[in-house]
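**Q** quick check, what structure comes out for this input:
(2 chains)
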Amino acid sequence: MFYREVGQFKTNYAADQAIFPIRQDRIGLALILLVAFIVIPLFGGEFLIASVMIPFLVLALAAIGLNILVGYTGLISLGAAAFMGVGAYACYKLSTIFPEVNIVVWIVASGFVSAAVGVLFGLPSLRIKGFYLAIATLAAQFFLQWCFQRVPWLYNYNTSGAIEVPTHTLFGVPVTGASATPVTRYYVVLTIVVGMTWVAANLVHGRIGRNWMAVRDMDIAAQLMGIRLLPAKLLAFAVSSFYVGVAGALMVFMWLGAAEPEAFNINQSFILLFMVIIGGLGSLIGSFLGAALIHILPIIVRMVPDALGIPIGAATVEHLTFIITGAMIIFFLVVEPHGLARLWAIAKQKLRVWPFPY
Amino acid sequence: MMHLLYQIFIDPFVQMAGAPDLLVQTLWEGFVGGMLYALIALGFVLIFKASGVFNFAQGIMMVFAALTMVGLYEKGVPAPLALLLAIGVMYLLAVAVERLILRPLVNQPDIMLFMATFGLTYVLIGVGELIFGGSPKEVPTAQLGLPKGAYDIHAFGGLVSLQKIDIAAALIASIMVAALAVFFQKTRIGRALRAVADDHQAALSVGISLNQIWVIVWFTAGVVALATGIMWGARSDVSFSLQVIALKALPVLILGGFTSVPGAIVGGLIIGIGEKLGEFYWGPLVGGGIDSWLAYAIALAFLLFKPEGLFGEKIIERI
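**A** Just a heads-up that it's a prediction; the model follows:
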């Protein structure tokens, strides 16, 4: 009733191939973009923008990148955080060597560095499969993290061993560093994330995405159908690392402002993988939902005791956050193994037939 | 350039020949480390074989088990009783895992189960820290009958020092592996376990209860985890940072093959010894700390030639 596509005819190929073929979806998307671009910056507080929305968007972008690899191509990677690190360090080096170039250019360019590293570590994927590959990607995780710690050139030989973001301006407005307002940073992040999501949506709906999905479903069968496995898998690694690398650069330059090698440790990799799995493998909207759940859940858990006036120590809250997050992960896997994206699809079906049961 | 090549290919071997006592010491440390990696890997293999679950929580199970034992001891429970109670806790954990995770998720894709065990890791970290606190704890070695001190052997033109606790660890590891081998080959439950590992549905059809087998396997893995945790804990301290060591067991697994008990042991020894030699002789060239990824590099090198590990089941691909 609320969501009825009856009467919306597709009269040409372009309409048939559209990413949002249903009018209600287009209206919904326009509303979401309206809220994201206008309502949140106008009415959102600093906490909402700086600590909820920016991290959420950055993590969602990383989740999209990882989803391309895990969800669409079926190659499990446990080293996503290391590629975020590659993006962050590449952006840091590029912007210190060429400080006069626009910082947004370097944020996107650092994705290419990350993509190159990703291809390098993707090479074994042709021979190694399944969990063996997953553990092989851990080699990337530990090796790259070691590089961030032990190669002083990467952090400009500063004594702390951490990278710090200087102030850069865009059209005269500071976008990074201490003097940039959250709203400016939010707009930069939002624009990049929306743009890259649009590209990703087109990629996975087109020939390349179909190749990836064929490889995921059964790589030998895909090969027999004429899909060349090595280019397809390496492209997945490259595109995925590109997205994850840009997300890493955004994380350091737009969200944290400084980072240590520990920010890109294995736990971060696993958290990204959670977002992808809880959100839904092979679903872009799932990446956003998963990122929202995993990022916002601990924030809420931390706020609940205060809100209820229960005096609990900070350490206890931290432990409870661990327990609750873990339990929620198991709970979601048991209740809906196909992720939040499936719940969304079920909800749409319900809206379509309401008030009738079917 | 020549100098670099010399440093990589010649110099380490000159050092080895020049100071054989150091070499033997390094090999011994690698051997003990490898034995303990093998024990952790064994826990993974047991569970993977019987339930097809890649149990990421094995590392935290090790910490949790050792922490339970040491925590109970610190609360005034006698050490042997604490050990028994810890075994009991591992049994309860196995039952809970089977009820709450494995049974509802049966027949789901592997990655779901893998992720569920990662959720379990979070829960165990939270519960462990909540109950026992995050500070490192000392293992009551004397009360458990574990030796302390070292044998100093004057041989190989120098001094080789063997920690007694290391010898005990190697012995206990060997005994556990032997006991598990007998348990698998000779007992009724062991046969059932092997049947389940071979084929779930065929095992079900001859009347083996999968649920029961899963509890037994997780319990066995829990006991292995407890022993490993106490051993590692006796060498350093019991704390959550021990969990990192479990990550070292993953290259052991891919090297030996996920489904092979001998593979876990051989892989453990290769990784343990290779890692120590690499860190000691080649590490200084690149600034040290390479043991964090060297094990993965060794395993990856092997894997490029044998993609299913040294002893893993041959992968046969069909359309």
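**Q** burial count for A:Cys91?
**A** The local packing of A:Cys91 (other Cβ atoms under 10 Å in any protein chain shown) involves 29 other residues. To be clear about C-beta, it is placed using only N, CA and C from the backbone, and glycine gets the same treatment.
**Q** go on, B:Ile172?
**A** Look at B:Ile172: counted by other Cβ under 10 Å, it has 18 neighbours.
**Q** hmm, B:Met231 and it touching each other?
**A** Yes - under the criterion of Cβ atoms under 8 Å, B:Ile172 makes contact with B:Met231 at 6.7 Å.
**Q** in the chain, where is pLDDT below threshold?
**A** In the absence of a named chain, chain A is used. Applying pLDDT under 70 to chain A flags residues A:1, A:178, A:311-312.
**Q** not quite, go with chain B.
**A** B:143, B:145, B:150, B:154-158, B:287-289, B:315, B:319.
**Q** now the strands for it?
**A** Per DSSP state E, chain B has strands spanning B:150-155, B:158-163. These are given in chain order.
**Q** wait, isn't B:Glu74 in contact with B:Lys137?
**A** Yes - B:Glu74 sits in contact with B:Lys137 when judged by Cβ under 8 Å, with a separation of 6.6 Å.
**Q** of these two, who's got more company?
**A** The neighbour comparison of B:Glu74 against B:Lys137 (other Cβ under 10 Å) goes to B:Lys137, with 18 against 14.
**Q** any idea what that one is bridged to?
**A** Beta-bridge partners for B:Lys137, by DSSP bridges, are B:Val238.
**Q** ok, it - contacts?
**A** Applying Cβ atoms under 8 Å, 6 or more residues apart in numbering or on different chains, we find B:Lys137 in contact with B:Leu67, B:Val70, B:Gly71, B:Glu74, B:Gly233, B:Asp237, B:Val238, B:Ser239.
**Q** ok, the residues you listed vs chain A, which is closest?
**A** Comparing these against chain A with Cβ to the nearest Cβ places B:Leu67 closest, at 13.3 Å.
**Q** what separation do you get for that closest one and B:Pro80?
**A** Between B:Leu67 and B:Pro80 the computed distance is 17 Å (Cβ to Cβ, to the nearest Å).
**Q** of those two, who's got more company?
**A** Just comparing B:Leu67 and B:Pro80: by other Cβ under 10 Å the higher neighbour count belongs to B:Leu67, 27 against 12.
**Q** which residues touch the more buried one?
**A** So B:Leu67 contacts B:Gly128, B:Phe132, B:Lys137, B:Gly229, B:Val238 (Cβ under 8 Å, 6+ apart).
**Q** got a winner among the residues you listed for most neighbours?
**A** Counting neighbours by other Cβ under 10 Å, B:Gly229 leads the contacts of B:Leu67 with 29 neighbours.
**Q** what sits closest to the residue nearest to the spatial centre of chain B if chain neighbours are left out?
**A** By Cα atoms, centre = their mean, the mean C-alpha position of chain B lies nearest to B:Ile40, the distance being 1.2 Å. Nearest residue to B:Ile40 in three dimensions, chain neighbours excluded: B:Ala249, at 3.8 Å (Cβ to Cβ, 6 or more residues apart in numbering or on different chains).
**Q** quick one: contacts for that neighbour?
**A** For B:Ala249, the contacting residues are B:Tyr37, B:Ile40, B:Ala41, B:Phe44, B:Gln58, B:Gly59, B:Gly268, by Cβ under 8 Å, 6+ apart.
**Q** separation between it and B:Leu42?
**A** 9 Å.
**Q** cool, B:Val106 as well?
**A** Distance of B:Val106 to B:Leu42, computed by Cβ to Cβ: 24 Å.
**Q** show me which residues of the stretch 201-319 of chain B are close to chain A?
**A** Within the stretch 201-319 of chain B, the positions lying close to chain A (Cβ under 8 Å from any Cβ of the partner chain) are B:247, B:250-251, B:253-254, B:258, B:286-290, B:292-293, B:296-297, B:299-300, B:303-304, B:307-309, B:315, B:317-319.
**Q** of those, which belong to helices?
**A** Among those, the residues falling in helices (DSSP state H) are B:247, B:250-251, B:253-254, B:292-293, B:296-297, B:299-300, B:303-304.
**Q** out of those, who's nearest B:Gly18?
**A** Distance ranking of these against B:Gly18, using Cβ to Cβ, places B:Ala297 first at 26.2 Å.
**Q** if I pick that closest one, what's in contact with it?
**A** B:Ala297 sits next to A:Ala139, A:Phe143 when contact means Cβ under 8 Å, 6+ apart.
**Q** go again using 7 Å as the cut-off
**A** Going by Cβ atoms under 7 Å, 6 or more residues apart in numbering or on different chains, B:Ala297 touches A:Ala139.
**Q** span of stretch B:281-292 from start to end?
**A** 15 Å (Cα to Cα, to the nearest Å).
**Q** buried ones in it, by neighbour count?
**A** For stretch B:281-292, the neighbour count (16 or more other Cβ atoms under 10 Å in any protein chain shown) marks B:Tyr281, B:Gly283, B:Ile290, B:Asp291, B:Ser292 as buried.
**Q** now swap in stretch A:233-250 and tell me
**A** A:233-250.
**Q** do stretch A:150-161 as well
**A** Across stretch A:150-161, burial judged by 16+ other Cβ under 10 Å covers A:Arg150, A:Leu154, A:Tyr155.
**Q** which one of those residues is nearest B:Ala197?
**A** When the buried residues of stretch A:150-161 are compared against B:Ala197 (criterion: Cβ to Cβ), the nearest one is A:Arg150, at 41.7 Å.
**Q** ok so, going back, tell me which two of the buried residues of stretch B:281-292 sit farthest apart.
**A** Using Cβ to Cβ, the buried residues of stretch B:281-292 span at most 17.0 Å, a distance reached by B:Tyr281 and B:Ser292.
**Q** so which residues on chain A come close to chain B?
**A** Selection of chain A residues close to chain B by Cβ under 7 Å from any Cβ of the partner chain yields A:76, A:124, A:127-128, A:131-132, A:135-136, A:138-139, A:142-143, A:146, A:150, A:220-221, A:270, A:274, A:277, A:316, A:319-320, A:322-323, A:325-327, A:329-330, A:333-334, A:337.
**Q** so A:Ser77 belongs to a helix, correct?
**A** No - checked against DSSP: H, G, I helix; E, B strand; the rest coil, A:Ser77 lies outside a helix; its state is coil.
**Q** ok, it - contacts?
**A** A:Ser77 neighbours (Cβ under 7 Å, 6+ apart): A:Leu66, A:Leu69, A:Val70, A:Thr137.
**Q** do a quick rundown of the strands in chain A.
**A** Assigned by DSSP E, the strands in chain A fall at A:163-164, A:169-170, A:173-174, A:258-259.
**Q** given the last one, what are its sheet partners and their directions?
**A** By that I understand strand A:258-259. Checking strand A:258-259 against DSSP bridges gives partners strand A:163-164 (antiparallel).
**Q** how far is the partner strand from where the chain is centred?
**A** Centroid separation for strand A:163-164 versus its chain: 22 Å, with Cα atoms, centre = their mean, to the nearest Å.
**Q** what's it in contact with?
**A** For strand A:163-164, contacts defined as Cβ under 7 Å, 6+ apart pick out A:Ala88, A:Tyr89, A:Tyr92, A:Tyr155, A:Val252, A:Ala258, A:Ala259.
**Q** in helices, which of those fall?
**A** With DSSP H as the criterion, helices contain A:Ala88, A:Tyr89, A:Tyr92 from among the contacts of strand A:163-164.
**Q** neighbours of B:Gly18, how many?
**A** There are 10 residues near B:Gly18, going by other Cβ under 10 Å.
**Q** follow-up on the earlier one: now a ChimeraX select for only the buried ones of the residues of the stretch 201-319 of chain B next to chain A.
**A** Buried members of those, defined by 16+ other Cβ under 10 Å, are picked up in ChimeraX with:
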select /B:247,250,251,253,254,258,290,292,293,296,297,299,300,303,307,308,309
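**Q** find the nearest non-adjacent residue to A:Gln24, please.
**A** A:Tyr3 (5.4 Å).
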